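Asker: any chance you can model this:
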Amino acid sequence: MIAPFIDVDLPFADRRDGKVRVSFSYSQGQRLFVTTDRLSAFDRVIAGVPYKGQVLNQLSGWWFERTADIVANHVVELPDPNVLVARAAQPLPVEVIVRGYITGVTSTSLWRQYADGARTIYGYHFSDGLAKNTDLPSAIVTPTTKAEHGGHDEPLSPTDVVGKGLVAPDLWRMVEAAALQLFARGQEIARQSGLILADTKYEFGTTPDGELLLIDEVHTPDSSRYWVAETYQDRLSAGEEPESLDKEVVRRALIDAGYDGHGLPPTLDEAVWDATSRRYIDAYERLTGLDFQPGRYPVEDRIKEALGHAA
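Answerer: Numbering: from 1, shown residues only. I've put the predicted structure just below:
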């Protein structure tokens with residue numbers, strides 16, 4: 001027995017490698033997800049961040065518990081700091097991004113498109129004179145395509161989602177309503193923790209009988225943009241970027257080094273990865289009120305050994 005929750009005689013199969021996690025079929029109607037320390041920025045794996053996988057897995061599990069009254073989720077159990085056992089679900093072909101601020105550094109962000117002159121973005125009209133990193137009158141849902149369904153991060157309006165046949169109208173209305181409620185819950189808990197939840201990405205899926213599920217991860221430093229509330233206004237007044245507790249620090253370091261998302265990324269100083277790890281842990285501890293307790297070893301190695309040829 002390699003680990004208490006792994007039956008090494010179980011015929012694991014259907015390994016799927018994502019950018020930052022690996023999953024396997026586990027039992028009837030369930031999948032086993034392993035979160036790694038890999039960090040993805042500009043839609044590619046950039047490097048590894050110490051303890052990132054454990055922070056994402058544990059924090060996401062914490063959030064799933066606190067949002068289950070809004071929408072059902074795929075969590076069955078978290079048997080290990082790096083592992084999630086989940087109900088199998090068919091992901092919807094769109095990523096659902098909810099934005100409360102006009103910000104961002106990538107080409108699909110609100111701020112980059114607005115700064116380049118666009119005034120109708122994701123189907124919403126924006127007036128002239130908006131300032132970077134300031135809040136919007138109300139949160140908006142800004143969907144994008146997923147990599148396996150064509151151009152990744154292609155901006156869509158909510159109308160496009162239905163018009164292109166990506167999601168049925170009734171189901172999309174449920175998704176939009178759930179996403180806005182999740183974001184409001186996330187913003188309130190973040191506020192109580194001294195943080196600002198500026199925007200976040202949600203992924204939804206459906207069970208074979210059509211039940212809507214919140215899947216993947218939720219409100220982690222990988223899927224959300226968190227700013228430190230106590231320094232936000234001073235930095236805004238000084239024309240500086242908000243202090244962030246997420247992977248935005250890596251994106252900024254890459255941009256400062258001249259990287260635009262194409263070709264091989266430059267090598268960043270180890271201090272960047274250490275600082276990113278500290279930010280992830282800070283976000284976990286602020287939000288949960290718990291001390292981060294890292295696991296003793298990477299579960300990925302144990303699973304590889306247990307799976308043998310499948311790994």
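Asker: count of neighbours near Phe126?
Answerer: Phe126 has 17 neighbours, counted by other CB atoms under 10 Å. The C-beta positions use only the backbone N, C-alpha and C, and glycine is treated the same way.
Asker: just list the residues touching the closest residue to it other than its chain neighbours, thanks.
Answerer: In space, Phe126 comes closest to Arg119 once its chain neighbours are excluded; the distance is 5.4 Å by CB to CB, 6 or more residues apart in numbering. Counting by CB atoms under 8 Å, 6 or more residues apart in numbering, Arg119 makes contact with 125-128.
Asker: surely His51 and Leu39 touch.
Answerer: One correction, residue 51 is Tyr, not His. No. Applying CB atoms under 8 Å as the test, Tyr51 and Leu39 come out as separate, 11.7 Å apart.
Asker: more neighbours, the two?
Answerer: When neighbours are counted by other CB under 10 Å, Tyr51 and Leu39 differ, and Leu39 comes out ahead with 22 against 18.
Asker: please confirm that that one is located within a strand.
Answerer: Yes. Note on Leu39: a strand contains this position according to DSSP: H, G, I helix; E, B strand; the rest coil.
Asker: just grab the bridge partners of it for me.
Answerer: The residues listed as beta-bridge partners of Leu39 by DSSP bridges are Ala47.
Asker: repeat for Phe204
Answerer: On the basis of DSSP bridges, Phe204 takes part in beta bridges with Leu214.
Asker: and the pLDDT at it?
Answerer: For Phe204, the model assigns a pLDDT of 98.
Asker: quick check: it touching Leu214?
Answerer: Yes. Proximity of Phe204 to Leu214 meets the contact threshold set by CB under 8 Å, at 6.1 Å.
Asker: which neighbours do these two have in common?
Answerer: Counting by CB under 8 Å, 6+ apart, the residues touching both Phe204 and Leu214 are 71, 178.
Asker: residue contacts, Ile97?
Answerer: Listed by CB under 8 Å, 6+ apart, the contact partners of Ile97 are 141-144, 199-202.
Asker: just put these in TSV and tack on distance to His74, neighbour count and secondary structure.
Answerer: Shown next, in TSV, are those (distance: CB to CB, whole Å; neighbours: other CB atoms under 10 Å; DSSP: H, G, I helix; E, B strand; the rest coil):
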residue	distance to His74	neighbour count	secondary structure
Val141	21	22	strand
Thr142	23	23	strand
Pro143	20	28	strand
Thr144	21	18	strand
Asp199	23	23	strand
Thr200	17	25	strand
Lys201	16	20	strand
Tyr202	13	27	strand
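Asker: rebuild these as TSV, extending it with distance to Gln28.
Answerer: Compiled in TSV, the contacts of Ile97 are given as follows (distance: CB to CB, whole Å):
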residue	distance to Gln28
Val141	34
Thr142	37
Pro143	32
Thr144	33
Asp199	37
Thr200	32
Lys201	30
Tyr202	27
